[in-house]
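Student: give me coordinates for this.
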Amino acid sequence: MKYVKVLASLMLMFMVCTAFTSNDKGKGMYIVGVSASFTDSLVYFTDIQFVDSVEVDKNGLLPMRDQYSDQLDIYLEHKLGMKDRTCFIYFSEKKAKLEKDIKKMKDKYKKAGTSILRETGDDFKFTKAVEY
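Tutor: You can find the predicted model right below:
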């Protein structure tokens, strides 16, 4: 009977400890923002940033991705005075894949020679989108 109580208490302690561990470890997404304008030759790129606790949905799309592009649009409009810009984001679970895609995009802009590429710098940070 004594062994049963010890075994039951150990199992209870194990269940309590595992109940409070986070299932979100390792979940997150790398995001980079790009902003261009039809009336301006400046193209802005953000740094590649890791946003914690974000996952793609069953279709492989980032939920509430419009909020991330809005964050960049608001930053550029209020901080740099750049109005009427088209902002879009790229995302991936793997940073290396995203770096490769952005490098390819920057090379195309440079090859065309009609755009001036700029970085937003460390001032801009994406924050996790909130569902309303």
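Student: for this structure, which strand is longest?
Tutor: Counting residues, the longest strand found in the chain (DSSP state E) is strand 28-36.
Student: where does pLDDT dip in the chain?
Tutor: 1-26, 132 (pLDDT under 70).
Student: tell me where it has helices.
Tutor: Counting by DSSP state H, the chain has helices at residues 2-19, 65-79, 95-112.
Student: got the buried residues for the last one?
Tutor: Using 16 or more other Cβ atoms under 10 Å as the test for burial, helix 95-112 gives 98, 102, 105, 109. Heads up, the C-betas are built off the backbone N, CA and C, glycines and all.
Student: list just the nearest of those residues to residue 122.
Tutor: residue 102 (17.0 Å; Cβ to Cβ).
Student: give me the buried positions along the longest strand of the chain.
Tutor: For strand 28-36, the neighbour count (16+ other Cβ under 10 Å) marks 29-36 as buried.
Student: and that strand, how far out from the chain middle?
Tutor: Distance of strand 28-36 from its chain centroid, counting by Cα atoms, centre = their mean, to the nearest Å, is 6 Å.
Student: so what's the residue nearest to residue 36 when sequence neighbours are not counted bridging to?
Tutor: Spatial nearest neighbour of residue 36, excluding adjacent residues (Cβ to Cβ, 6 or more residues apart in numbering): residue 43 at 4.9 Å. With DSSP bridges as the criterion, residue 43 is bridged to residue 117.
Student: wait, residue 43 touches residue 114, no?
Tutor: No - at 9.9 Å, residue 43 does not count as touching residue 114 under the criterion of Cβ atoms under 8 Å.
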